[in-house]
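>>> kindly generate the corresponding structure for this input.
(one chain, ligands or ions: 1)
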Amino acid sequence: MLETLGNAPLPVVILVSGRGSNLEALIAARDRGLPIAILAVICDHADAPALALARAQSIPTQVLSKAAHPDRTDYDAALARMIDALHPRLIVLAGFMRLLSTDFVNRYLGKLINIHPSLLPAFPGLHTHRRALEARVKEHGASVHFVIPAMDAGPIVSQVRVPVLANDTADTLAQRVLSQEHRLYPATLRLLWEARVQWHQGRVLFDGQVLESPLQLTAAENDHFI
Ligand code: GRF
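Numbering: from 1, shown residues only. Below is the predicted model of the structure:
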């Protein structure tokens, strides 16, 4: 459980693999006053654009490539050593494309969050936008959830909903969802910093009560939840 930090920013480590647009949104939000301290960005690909983004902002970066640790257990142990040396309160997955082992996830239970481009529990896994179109859903979106060993199945904290338009392609839908992810992640991190959202024994507490259904980010410009 994250306890309230007073005025101190929430120390986070951000894990990325590729493009880094969510990382960019978190950095921009920090620069506008979101109280997070980005201790480091850790990436599994040395040439990921996300790394360049972090370096341009003078955020410490570390690369942990699969080539260095082909065995998943070794990889996750090395990743845990990197993280533990930084002493974060929260580990933020922002497009980190590796499956994490059960031991790793259990080590950080309640301190590990992810953003996923669908309205979970719908469409866990990859290609969510294409699958949403194929399923002819009327609404799609993104979810922020605590990570548990089962993939994309952890307790959901928050969501943002996006209408599916008649002429959407997977790319146009992905783009609209992504721009909302960029609102959802910072707004959710603020709730965690405020300790309004907490992990408690495998459930999400919101203002001290068990959250029965995910918080929904409003469509309005100001990032409020309902
Ligand atoms: C996002 O769609 C996120 O929801 C998913 O991976 C993608 C990462 O994009 N987990 P980016 O690297 O943040 O641009």
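>>> from the ligand, how far out is the closest residue to A54 other than its chain neighbours?
Leaving aside its sequence neighbours, A54 sits nearest to V41 (CB to CB, 6 or more residues apart in numbering; 4.0 Å). Bear in mind the C-beta positions are built from the backbone N, C-alpha and C, glycine included. V41 is 11 Å from the ligand, where distance means CB to the nearest ligand atom, to the nearest Å.
>>> measure the residue in the chain that the ligand sits nearest to to L10 for me?
Proximity of the chain to the ligand (CB to the nearest ligand atom) peaks at G95, 2.6 Å away. The spacing between G95 and L10, counted by CB to CB, to the nearest Å, is 20 Å.
>>> what of T102?
Going from T102 to L10 by CB to CB gives 26 Å.
>>> could I get the average pLDDT for the helix ranked longest in the chain?
Taking DSSP state H as the criterion, the chain has its longest helix at helix 170-193. Helix 170-193 shows a mean pLDDT of 98.
>>> close to the ligand: what parts of the chain are there?
Within the chain, the residues that sit near the ligand (CB under 6 Å from any ligand atom) are 18-22, 50, 94-95, 115-117, 142, 178, 181.
>>> possible to save those as TSV with secondary structure and distance to H200?
Output for the residues of the chain next to the ligand, formatted as TSV (DSSP: H, G, I helix; E, B strand; the rest coil; distance: CB to CB, whole Å):
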residue	secondary structure	distance to H200
G18	coil	33
R19	coil	33
G20	coil	31
S21	helix	31
N22	helix	26
A50	helix	31
A94	coil	24
G95	coil	27
I115	strand	21
H116	strand	21
P117	coil	27
A142	strand	24
L178	helix	31
E181	helix	25
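>>> can you turn the buried part of the residues you listed into a PyMOL selection?
Burial among those is assessed by 16 or more other CB atoms under 10 Å; the matching PyMOL selection reads:
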select buried, resi 18+20+21+22+50+94+95+115+116+117+142+178+181
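>>> reformat the residues of the chain next to the ligand as a markdown table; add distance to H129.
Output for the residues of the chain next to the ligand, formatted as a markdown table (distance: CB to CB, whole Å):
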| residue | distance to H129 |
| --- | --- |
| G18 | 16 |
| R19 | 15 |
| G20 | 19 |
| S21 | 15 |
| N22 | 16 |
| A50 | 20 |
| A94 | 18 |
| G95 | 14 |
| I115 | 14 |
| H116 | 12 |
| P117 | 7 |
| A142 | 11 |
| L178 | 10 |
| E181 | 12 |
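>>> would you map the strands across the protein?
Secondary structure of the chain (DSSP state E): strands at 10-16, 36-43, 61-63, 90-93, 112-116, 139-146, 156-163, 197-200, 203-206, 209-210, 215-216.
>>> nearest to A150, out of the residues of the chain next to the ligand: which one, please.
Closest approach to A150 among the residues of the chain next to the ligand (CB to CB): H116, at 12.8 Å.
>>> what's near enough to touch that closest one?
Going by CB atoms under 8 Å, 6 or more residues apart in numbering, H116 touches 124, 128, 142-145, 152.
>>> about what we covered before: now for the longest helix of the chain, which elements pack on it?
Judged by 3 or more CB pairs under 8 Å, 6 or more residues apart in numbering; DSSP states H and E, the packing partners of helix 170-193 are strand 10-16, helix 21-31, strand 90-93, strand 112-116, helix 128-134, strand 139-146, strand 156-163, strand 197-200.
>>> and with 6 Å instead?
Judged by 3 or more CB pairs under 6 Å, 6 or more residues apart in numbering; DSSP states H and E, the packing partners of helix 170-193 are helix 21-31, helix 128-134, strand 139-146, strand 156-163.
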